[in-house]
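Visitor: fold the stuff below for me.
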Amino acid sequence: MNETLPVIAILGGTGDLGTGLARRWAQAGYQVIIGSRTQEKAQVAADELAQIMTERGVEGVEVKAMENLAAAEAADIAAMTVPFAHQTSTLELVKDALDGKILIDVTVPLVPPKVARVQLPEQGSAGEIAQAVVGENVRVVSAFQNVAAHHLQEGQGMDCDVLVCGNKKDARSEVIKLVEAAGMRGYHGGSIANSAAADALTSVLIFINKQYKCHAGIKITGLDN
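Guide: Numbering: from 1, shown residues only. Predicted structure coming up:
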């Protein structure tokens, strides 16, 4: 099964969001690499994830650890879960290694300390910034901005939908497969410019989470499935 599935690297994947996606994709049969600025930090995250999975009775799943550049080079598809402040520097480091590949940009343009206030960048969205940095030979797809890392760390499926935005429909379709492999529902959301809507919703959800003491997500209604 692993021979026919793409290798996924999660750049800056040592946090709760990155390791949550890593666990879910690894359990679904994908070969997953956790990337970080240092090999040591990536290895610590991979080892901790392996211990958690063993404690939960999940056997036979291996997650590798590499520096971000090596992870991007080894991957068929890369996902990036770095803070907005590190987005451009990380992309500059790995953009040549991503040539011809899909990049799932999970970056949200939050501006501390007022992260519950919508503050979109001049370029429109984090996804548009990513596409401009890496160039048109990299198919940037924006997704997972509205998913709570807390829920990704849980073992069961999630009652949550994911907006998937990107300029290439085939790339969006590939990412929707990964959304479903992670236990959620993914929907085509249009071009990368439309990712501004998902970016803005993140601040709204942060406010809702604080107001109602929850981990809210989004759902698309009115569809048959």
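Visitor: quick one, strands of this structure?
Guide: 8-11, 32-36, 63-67, 77-80, 102-105, 139-142, 161-166, 185-188 (DSSP state E).
Visitor: quick check, central residue of the chain?
Guide: Centroid check for the chain by Cα atoms, centre = their mean gives V106 as the closest residue, at 4.2 Å.
Visitor: contacting residues for that one?
Guide: V106 makes contact with 17, 79-81, 142-145, according to Cβ atoms under 8 Å, 6 or more residues apart in numbering. Any C-beta I mention is one placed from the backbone N, CA and C, and that applies to glycine too.
Visitor: so who does A72 touch?
Guide: Taking Cβ under 8 Å, 6+ apart, we find A72 in contact with 9, 11, 35, 78, 94, 97-98.
Visitor: switch the cut-off to 10 Å
Guide: 9, 11, 33, 35, 66, 78, 80, 90-91, 93-99, 101, 103 (Cβ atoms under 10 Å, 6 or more residues apart in numbering).
Visitor: next one: R172
Guide: R172 neighbours (Cβ under 10 Å, 6+ apart): 102, 139, 141-143, 164-166, 186-192.
Visitor: give me the distance between it and V63.
Guide: Separation of R172 from V63 (Cβ to Cβ, to the nearest Å): 25 Å.
Visitor: go on, D224?
Guide: From D224 across to V63, the span is 36 Å (Cβ to Cβ).
Visitor: more neighbours: these two, which one.
Guide: Ranked by neighbour count (other Cβ atoms under 10 Å), D224 and V63 place V63 first, with 23 against 3.
Visitor: so that one bridges to which residues?
Guide: With DSSP bridges as the criterion, V63 is bridged to V32.
Visitor: that one against T14, yeah?
Guide: No - between V63 and T14 there is no contact under Cβ atoms under 10 Å: 11.4 Å.
Visitor: mutual contacts of the two, please.
Guide: Residues touching both V63 and T14 by Cβ under 10 Å, 6+ apart: 22, 34, 42, 45-46, 49.
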